[in-house]
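Undergrad: sequence plus the predicted model coming up.
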Amino acid sequence: MKAVFFDRDGVINQDFGYVYEAKEFIFVDNIFNLLKYCKDKGFLLLLITNQSGIGRGYYTLKDFEELTDYMQNELKKKLGFGFDRIYFCPHSPEENCLCRKPKTGMIDEAKKDYNLDLKECFIIGDKSTDIEAGQNANIGHKIFLKNTNEGILNDKGVHTVFSVNGALEVMISLLGK
């Protein structure tokens, strides 16, 4: 099986820092088109998101679950489907868990859950930790969205990265219409 791994904040929704309420959850431009395109091409849609706000005490697991339900319901209203699965890391960076990106715990779990061929998969993120996680897990295609001031990953040994303003264009160019 093949999948597209999406980061959440900054890729699916605008990143205002520790987004946990529906009133702050604003979908980014063209995300519905990208999700539909990926689904039409037969990809599983998997969300992998660091949610250290839970571990830091900024919001609760219940807050995250309610916002996730809101996001999924909005996607289903607009597209008729939502993410196939959502993986999240609730830990703070100090907890040194195995699931927090750039570690590969969430990707490893998805690989087991769906018997994924990671070389055929994509990861789309807007932070270096997203792309490093893809590299560390040997995901074949890594797309870095340039919606932040974060630099590209030349010093991390990461390769096969498409650095773009919109992931839909990269997906279309790689997969064809």
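TA: In hand now; what should we look at?

Undergrad: does residue 141 really touch residue 124, like I thought?
TA: No - with contacts counted by CB atoms under 8 Å, residue 141 stays clear of residue 124, the gap being 9.1 Å. The way it works is simple: take the backbone N, C-alpha and C, and place the C-beta from them, glycine included.

Undergrad: more neighbours, those two?
TA: Neighbour totals were compared for residue 141 and residue 124, and residue 124 leads with 26 against 21 (other CB atoms under 10 Å).

Undergrad: now do the SS call for residue 143.
TA: Assigned with DSSP: H, G, I helix; E, B strand; the rest coil, residue 143 falls in the strand class.

Undergrad: quick one: pLDDT of it?
TA: For residue 143, the pLDDT comes out at 87.

Undergrad: list the beta-bridge partners for it.
TA: residue 124, residue 162 (DSSP bridges).

Undergrad: ok, now residue 6?
TA: Applying DSSP bridges to residue 6 gives these bridge partners: residue 47, residue 124.

Undergrad: following the chain onward from the longest helix that the chain contains, which element is next?
TA: Longest helix of the chain, by residue count under DSSP state H: helix 61-79. Following helix 61-79 in sequence order, the next helix or strand is strand 85-89 (DSSP states H and E).

Undergrad: ok, which stretches of the protein are helices?
TA: Going by DSSP H, the chain shows helices at 31-40, 52-55, 61-79, 105-114, 128-136, 167-175.

Undergrad: lowest-scoring secondary structure element of the chain by mean pLDDT?
TA: strand 161-164 (a mean of 55; mean pLDDT, DSSP states H and E).

Undergrad: quick one on the thing from earlier: among the helices of the chain, single out whichever gets nearest to residue 85.
TA: Judged by CB to CB, the one of the helices of the chain that comes nearest to residue 85 is helix 105-114, at 6.7 Å.

Undergrad: how far does that closest one sit from the chain's center?
TA: Between the centre of helix 105-114 and the centre of its host chain there is 14 Å, according to CA atoms, centre = their mean, to the nearest Å.
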